[in-house]
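>>> Take this sequence and fold it.
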Amino acid sequence: MTILNKIPCTIVTGFLGAGKTTLVRHAIEHNDGRRLAIIVNEFGDVGFDGSLLAECGIPGCDADAVVELPNGCICCTVADDFVPALNKLLDRPDPPEHILIETSGLALPKPLVQAFNWPAIRSRVTVDGVVAVVDGPAVASGAFADDPDALAAQRAADASVDHENPLEEVFEDQLLCADLVVMNKSDLLDEGERARVRAEVEAHLPRAVKLVETAHGALDPRVLLGLNAAAEDDLAARPSHHETEEDHDHDDFESVAIPVAAAGSPEDLAARVAKAAEVAGVLRIKGFCAVADKPMRLVVQGVGRRVAHHYDRPWRPAEHRDGTLVVIGLTGFDKAAVTAALKG
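Okay, here's the model as predicted:
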């Protein structure tokens, strides 16, 4: 394969719950017949996003086209997980024409972009673009930034204060590497809020980067794909708090999978998820659950106080129906309190 025939890859990054999977699914559904493949990385050992994609029922989006990399961070496991997964797709008899790589919400994109210079894959693939998905309402609420006045007062009172906000750091790194920024959930913001979010995002961008607004991840694939960025050749323009996987870890975050019995109703479960989300340090709750007397599997996702749920498919005849919810949060969050809230 010559350099001219490199297969383009789009890296979709963005914080927990921003809407990456929804964006990828929309791209698959409207891909105009191109052969797409997806690599999905998740923080935690339960494959939630990958399952949503592999079982979405869209032609061309099946288990063979979706590779899951659970229980880790793709930017930290390049050699062990990512490169072998990529080569597996490239070595197929009918290789994909474009590969979408959905990182975990805690992954830093730059180490992944750097991996495209590895000899094993450099001649075969290129980074068509890094797309950062931003949760508009979360940014509008100040979820990723500290109060600058309060921080200045702390430092004035104590010169030894060395502030590090892990949420803001991850958020910044994802924006600093982006070729396109997608402000998702813009339908939940008014005009003034959208303007403030746009200004907040643009303040973090190191260069001119297009920012588009979407609702429910509905972005035309012609905007998402075909950026021709060759990002692996443009690393100097993408500053980062952590330049390589060696100096980056996730000690600030942890996850736990909590079994949940069948709910009486979707609304009952959503209320319990909302209560669990109020526990200090909880960032994201997601998973599959059963509802009493319902033949369909319920998908539940909670980000902050916002909880969404929908039925995605019927339970299979021999499928285990006990639900599982994955909770991701800052290290040390009260798992007992979260479990009690979810159990009701």
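>>> Would you map the helices across the stretch 1-150 of the chain?
Along the stretch 1-150 of the chain, the stretches classed as helices by DSSP state H, counting those that start in this stretch are 20-29, 49-54, 83-90, 109-115, 119-122, 136-140, 148-157.
>>> Give me the below-cutoff pLDDT ranges for the stretch 51-200 of the chain.
Per-residue confidence for the stretch 51-200 of the chain (pLDDT under 70) gives these ranges: 51-65, 69-80, 145-165.
>>> All the strands of it, in order from the start?
Per DSSP state E, counting those that start in this stretch, the stretch 51-200 of the chain has strands spanning 66-69, 98-102, 125-135, 180-184. These are given in chain order.
>>> Mind putting the ones you listed into a markdown table with distance to D81?
Backbone N, C-alpha and C define where each C-beta goes, glycine included. A markdown table is the format used below for the strands of the stretch 51-200 of the chain (distance: least, CB to CB, whole Å):
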| stretch | distance to D81 |
| --- | --- |
| strand 66-69 | 5 |
| strand 98-102 | 12 |
| strand 125-135 | 16 |
| strand 180-184 | 25 |
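>>> And the ones you listed: which comes nearest A340?
strand 125-135 (27.1 Å; CB to CB).
>>> how close does A115 sit to V127?
The span separating A115 from V127 equals 10 Å under the rule CB to CB, to the nearest Å.
>>> Give me the more crowded residue out of the two.
For the pair A115 and V127, the greater number of neighbours falls to V127 (28 against 22), based on other CB atoms under 10 Å.
>>> Output stretch 201-212 as PDB - backbone C-alpha positions only.
Backbone C-alpha positions of stretch 201-212 (Å, rounded to 0.1, in the frame of the first residue of the first chain) are rendered in PDB as follows:
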ATOM      1  CA  VAL A 201     -14.200  26.900  23.800                       C
ATOM      2  CA  GLU A 202     -12.400  29.300  21.400                       C
ATOM      3  CA  ALA A 203     -10.400  30.600  24.300                       C
ATOM      4  CA  HIS A 204      -8.700  27.200  24.600                       C
ATOM      5  CA  LEU A 205      -8.000  26.700  20.900                       C
ATOM      6  CA  PRO A 206      -4.400  27.300  19.900                       C
ATOM      7  CA  ARG A 207      -5.200  28.000  16.300                       C
ATOM      8  CA  ALA A 208      -8.200  28.600  13.900                       C
ATOM      9  CA  VAL A 209     -10.500  25.600  14.300                       C
ATOM     10  CA  LYS A 210     -14.000  25.300  12.900                       C
ATOM     11  CA  LEU A 211     -16.700  25.000  15.600                       C
ATOM     12  CA  VAL A 212     -20.200  23.600  14.600                       C
END
